[in-house]
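> Below are the sequence and a predicted model; questions follow.
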Amino acid sequence: MKPHVYVACKIPDETESYLAKHVQYRKWEGPGAIPYEVLLEELAEADGLLTSGNKIGLELLSRAPKLKAVSTMSVGYNHFDLDAMKERGIIGTHTPNVLDDTVADLILALMLAVCRRVPELDTYVKQGQWKKGDNDVLFGLDMHHKKLGIIGMGRIGEAVAQRAHFGFGMDIVYHNRHRKPDAEHKFGAKYAEMNDLLHEADFVVLMTPLTPQTRHLFGRNEFAQMKPTGIFINASRGPVVDEEALTEALQQGQIFGAGLDVFEREPVQPDHTLLQLQNVVTLPHIGSATAQTRNDMAMLAAENLVSALLGADPQNVVPELRK
Ligand SMILES: NC(=O)C1=CN([C@@H]2O[C@H](COP(=O)(O)OP(=O)(O)OC[C@H]3O[C@@H](n4cnc5c(N)ncnc54)[C@H](OP(=O)(O)O)[C@@H]3O)[C@@H](O)[C@H]2O)C=CC1
Ligand SMILES: O=CC(=O)O
């Protein structure tokens, strides 16, 4: 008997064909995201779940007695309750590496959009405000040859450093809990304590995972250390930043601007104060959202799940759940 899998997110046809060869599966057909109650009902008989962000906690696990493996189509797995999964012996997998370049491209896009005020000036042209002689009101800040501070120099952080250093001649300074001699060698990156990095950097890119240690890692104290010309980019997870503190820093001119792909609550509400500020560029959590990369992520997530259910070693068990 093939194992039973429930697919709670949209996946491409190619991934469905792969799944059909190895497992029996049912899937959420939409519209929108699967309601939690429906997911609980569907998991009553499932051996495996393919998801892209559903909270995997105690309640869900208690309603899924046969569940052996959960595969998320994302590199971040802050929606996994790791203790609960460990307790139940659930195999949890994710999709690292395949999205690094795509996410890094988007981060560079955000950096440029903020420093050269791209969305603001796009509106300026489209609304007919462009007049001859108003050049200096259109000035932005340079990105090339400036200093980039990366907090969370992991797989994606390195892809950002590579682009910034070799493409834009930027100096790289970084902060992790552990030094990365490899990144120091490849990009001439300099290791710094967080406060030193914040004082020195012209651009600060936040790329840590969301963990109990990184929740509100960025607050009033951190923004206060940045340069008034500093640009802050968050494409990690919203709750790593205290949004009230960020809003104040932007309103009070403590920093020049921010680029955000992620928010404390998603979707962010249209009346959120941050969205009213001209010096913020916002995106709807689309770091990995190209057709090619999402296809690769879906296939990797399916392969991880099939391996876990058929007793092979999945490639990408999340570190905290490795045996
Ligand atoms: N916007 C989007 O669409 C996307 C967002 N993401 C987010 O990006 C995150 C990073 O992905 P990825 O680069 O693959 O992950 P990695 O695990 O490769 O890198 C994370 C880095 O963060 C560092 N880190 C972890 N905890 C801390 C801490 N407390 N203080 C300082 N540094 C810390 C780690 O170094 P060390 O262990 O030495 O501290 C590591 O170098 C994901 O977890 C996800 O949340 C990912 C993809 C797309
Ligand atoms: O946010 C996306 C991810 O892959 O993590």
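Okay, I see it. Residues are numbered from 1 along each chain as shown. Ligands and ions are numbered 1, 2, ... in the order given.
> Quick check: closest non-adjacent residue to Pro12.
Using C-beta to C-beta, 6 or more residues apart in numbering and skipping residues adjacent in sequence, the residue nearest Pro12 is Asn295, 5.1 Å away. Any C-beta I mention is one placed from the backbone N, CA and C, and that applies to glycine too.
> got the contact list for that neighbour?
Going by C-beta atoms under 8 Å, 6 or more residues apart in numbering, Asn295 touches Pro12, Glu14, Thr15.
> Quick one, grab the pLDDT at the spatially most central residue of the chain.
Against the mean C-alpha coordinate of the chain, by C-alpha atoms, centre = their mean, the closest residue is Ser236 at 3.9 Å. pLDDT for Ser236: 98.
> 22 is where my numbering starts, stick with that
New numbering, starting at 22: the last item is Ser257.
> Ignoring the adjacent residues along the chain, who's closest to the residue in the chain that ligand 1 sits nearest to?
Going by C-beta to the nearest ligand atom, ligand 1 is nearest to Gly175 of the chain, at 1.7 Å. Sequence neighbours aside, Met228 is the residue nearest to Gly175 in space, at 6.6 Å (criterion: C-beta to C-beta, 6+ apart).
> Ligand 1 contacts on the chain?
When proximity is defined as C-beta under 6 Å from any ligand atom, the chain approaches ligand 1 at 96-97, 117, 120, 124, 172-178, 196-199, 228-232, 234-235, 256-258, 282-283, 306, 308-309.
> out of the residues you listed, who's near ligand 2?
Among the residues of the chain next to ligand 1, ligand 2 is touched by Val96, Gly97, Leu120, Gly308, Ser309 when using C-beta under 6 Å from any ligand atom.
> would the fourth one count as being in a strand?
No: the secondary structure assignment for Gly308 gives coil rather than a strand, going by DSSP: H, G, I helix; E, B strand; the rest coil.
> contacting residues for the residue lying closest to it once chain neighbours are set aside?
Leaving out its chain neighbours, the residue that sits closest to Gly308 by C-beta to C-beta, 6+ apart is Val124, at 4.1 Å. Contacts for Val124 (C-beta under 8 Å, 6+ apart) come out as Ile177, Ala180, Ala256, Gly308, Ser309.
> one step back: of the residues of the chain next to ligand 1, grab the buried ones for PyMOL.
Here is the PyMOL command that picks out the buried ones among these, judged by 16 or more other C-beta atoms under 10 Å:
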select buried, resi 96+97+117+120+124+172+173+174+175+177+178+196+197+228+229+231+235+256+257+258+282+283+306+308+309
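> related to what we said a few turns ago, in the host helix or strand of the residue nearest to Pro33, what's buried?
Remark: Asn316 resides in helix 312-330, with elements defined by DSSP states H and E. For helix 312-330, a neighbour-count test (16+ other C-beta under 10 Å) marks 314-330 as buried.
> Likewise for stretch 116-123?
Result for stretch 116-123 [16+ other C-beta under 10 Å]: buried residues Thr116, Pro117, Val119, Leu120, Asp121, Asp122, Thr123.
> Now do the contacts for Asp163.
Counted by C-beta under 8 Å, 6+ apart, Asp163 has contacts Cys136.
> any idea which element it lies in?
Per DSSP H and E, there is no helix or strand for Asp163.
> Model confidence for it, exactly?
98.
> Distance check, it against Ile128.
17 Å (C-beta to C-beta, to the nearest Å).
> Also Asp157?
From Asp157 to Ile128 the distance is 29 Å (C-beta to C-beta).
> More neighbours: which of these two?
Neighbours were counted for Asp157 and for Ile128 using other C-beta atoms under 10 Å; Ile128 has more, 26 against 6.
> Surely the more buried one touches Ile252?
No: applying C-beta atoms under 8 Å, one finds Ile128 not in contact with Ile252, separated by 11.5 Å.
> joint contacts of those two?
Gly280.
> Pipe the contacts of Asn316 into CSV and attach distance to Phe101 and neighbour count per row.
Below are those laid out as CSV (distance: C-beta to C-beta, whole Å; neighbours: other C-beta atoms under 10 Å):
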residue, distance to Phe101, neighbour count
Pro33, 24, 16
Glu35, 26, 12
Thr36, 21, 23
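> Can you add secondary structure and pLDDT and give those back as a markdown table?
Formatted as a markdown table, the contacts of Asn316 follow (DSSP: H, G, I helix; E, B strand; the rest coil; pLDDT from 0 to 100):
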| residue | secondary structure | pLDDT |
| --- | --- | --- |
| Pro33 | coil | 97 |
| Glu35 | helix | 98 |
| Thr36 | helix | 98 |
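> Now the closest residue to Ser328 other than its chain neighbours, what are its backbone angles?
In this structure, Ser328 finds its nearest non-sequential neighbour in Pro335, 4.1 Å apart by C-beta to C-beta, 6+ apart. Phi and psi for Pro335, reported as degrees, to the nearest 10, are phi -70, psi 150.
> how close does Pro335 get to Ile112?
Pro335 is 7 Å from Ile112, by C-beta to C-beta.
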